[in-house]
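A.B. asks: Pasting the sequence and the predicted model now:
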Amino acid sequence: MHDAAGNQRFITQSVLHIRTQLMNPTQVAIDAIGTGIGSNDAATTESKRTELLAHFDDLADKSENEPSHDDQHYVSRSDGVGLFQSALSKIFAAVPNLQGYGDWNPLWVITEIEVFVHKVEAFLADIHEDETGKKQPVWAAIVSELLRLKTFDDRAPYPAGVPEPTQLPETFKMVLLADWGGDNDAARRIASDIPRQTPDFIIHLGDIYYGGTKFECEKFLDMWPMRLNMQDPKSALQPIGSFALNGNHEMYSGGEFYFNTVLPAFGQKQPFFCLENSNWRIIGLDTAYNGGRLKPQSPTDPMNTQWNWLIETLRKGGKATILLTHHQPVSAHQADWNDSKPLREDINELLQVDGIGDDAIFGWFFGHEHRCALYRDSDLKFNARLIGNGCIPHEVQKEKAADPGCNEVDFFNKKATAPGTNTAVSSFAKLSFVGTELLIEYVDETFATWGEEVWYSDKGRFGGSKFVEYDAIQQ
């Protein structure tokens, strides 16, 4: 990731400039399109140019008008803009003399519009050489790279089969990460802290930024902390103990590299799984393949496999079940609460299936929103924990209550990375299981623990020790 690639104003101006270049069929533009699609046929490239113009019109509208979601680093929830950020970020990484370009320098970020536009256009006119040795202006290289990428509309085939349950010991430690898949400083600090926790399992709840491309998924694996030598980040990945869920950003590029790069590296055959022992059952689910849904949308929907497997798994009962997903089933914020409505409807229908019941879900950890929050358990059918603050810089949370009609929160993590800043801390959840007891600690990138709570599988979800906050910022 790069600061300029996460600057919404920079993204919008870059999109507008490239659209202008595509409006005039110069040889450079035609060559960029031909490079991207692997064809120099005049009719084919002209057809693609017309298609790209409409696409860039859409990108300009979305990048200019998308709300910030309180993120300080712009991460678009539009798949098209996300892929544009992926292409740009790859170019930044490939050109050493651009590494410091736009790094929140006030002279760069806060400047007169005319000067800003000139800086963007000057950058896009620089010559970029790709991995094949092809040289072209940066704007043309972005066009070529975008045309090589798959999109959500061209989703990768869904992995076949269902997973066998992974048998857990009675005592073990697990780390949960969400929205951590960005190669930035916060993600690196989190990765360096995790080995200190000595986990037996590490699970990522999804989102490899910006678009789940091959380049980004390989970076994700390079940073993954579950190594054969936990003190050596360059040692090989451990063959067991790692799991990854699908996120909406992985699906921006059709999920191809999540399925074909990340899962094989983890030895994970399907994007859903079950880990269990005699007291606990932990189920990881794919909510991203169908855009935030669990329930299949047709008889031929590949998500039927996961849905039917989930029904049969929940019918077994007898254990405290914890769900893990990328998307949120609840939210304290109106826009995200509205977005999560289809998932809530799916869950409500699931809990009405014969043999499952309203109390089938003990707890649920999820991401997607770049915040950390503990929802009010008494208002819900399950203990709900949002841990989506894995690495994306976002504003310190100031709210004390939910938006009208949304889900109330008992605790928001309101800690900043340093006193006096407005950048919220990134964190992860550490789960320590000992028999029927589960200690949950929320650990942040400063190596401090925000607070902890205890759940007991045999006392019901209201029978644990309530959350204790260590930094007293909540008040």
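C.D. replies: Cool, got the structure.
A.B. asks: center of the protein, which residue is that?
C.D. replies: residue 207 (1.8 Å; Cα atoms, centre = their mean).
A.B. asks: Name the surrounding residues that touch the host helix or strand of residue 450.
C.D. replies: For residue 450, the host element (DSSP states H and E) is strand 449-456. Here strand 449-456 makes contact (Cβ atoms under 8 Å, 6 or more residues apart in numbering) with 320, 362-363, 372, 374, 383, 411, 413, 415, 425, 427, 436-444, 461, 463-471. All C-beta spots, glycine's among them, are computed from the backbone N, C-alpha and C.
A.B. asks: same thing but 6 Å
C.D. replies: 413, 436-444, 463-465, 467-470 (Cβ atoms under 6 Å, 6 or more residues apart in numbering).
A.B. asks: Which segments of this protein make up each domain?
C.D. replies: Here the domain assignment for the chain is 4-149, 156-469, based on automatic domain parsing.
A.B. asks: Pipe the ones you listed into JSON lines and attach mean pLDDT per row.
C.D. replies: Below are the domains of the chain laid out as JSON lines (pLDDT from 0 to 100):
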{"stretch": "domain 4-149", "mean pLDDT": "81"}
{"stretch": "domain 156-469", "mean pLDDT": "95"}
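A.B. asks: which of these sits most buried?
C.D. replies: Of all the domains of the chain, domain 156-469 has the most neighbours on average by mean count of other Cβ atoms under 10 Å, namely a mean of 19.
A.B. asks: chain center to that one: distance?
C.D. replies: Centre-to-centre, domain 156-469 and its host chain are 10 Å apart (Cα atoms, centre = their mean, to the nearest Å).
A.B. asks: So what would you say the end-to-end distance of it is?
C.D. replies: The first residue of domain 156-469 is 43 Å away from its last residue (Cα to Cα, to the nearest Å).
A.B. asks: could you point out which element follows whatever helix or strand residue 13 lives in?
C.D. replies: Assessed by DSSP H and E, residue 13 sits inside helix 8-23. Once the chain leaves helix 8-23, the next helix or strand it forms, by DSSP H and E, is helix 27-37.
A.B. asks: CA atoms only for that next one, dumped as PDB, please.
C.D. replies: Extracted in PDB, the C-alpha atoms of helix 27-37 (Å, rounded to 0.1, in the frame of the first residue of the first chain):
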ATOM      1  CA  GLN A  27      -1.000   5.900 -30.400                       C
ATOM      2  CA  VAL A  28       0.000   5.700 -26.800                       C
ATOM      3  CA  ALA A  29      -3.500   5.000 -25.700                       C
ATOM      4  CA  ILE A  30      -4.100   2.400 -28.400                       C
ATOM      5  CA  ASP A  31      -0.800   0.700 -27.500                       C
ATOM      6  CA  ALA A  32      -1.700   0.700 -23.800                       C
ATOM      7  CA  ILE A  33      -5.000  -1.000 -24.600                       C
ATOM      8  CA  GLY A  34      -3.400  -3.500 -26.900                       C
ATOM      9  CA  THR A  35      -0.800  -4.400 -24.300                       C
ATOM     10  CA  GLY A  36      -3.500  -4.900 -21.700                       C
ATOM     11  CA  ILE A  37      -5.800  -7.200 -23.900                       C
END
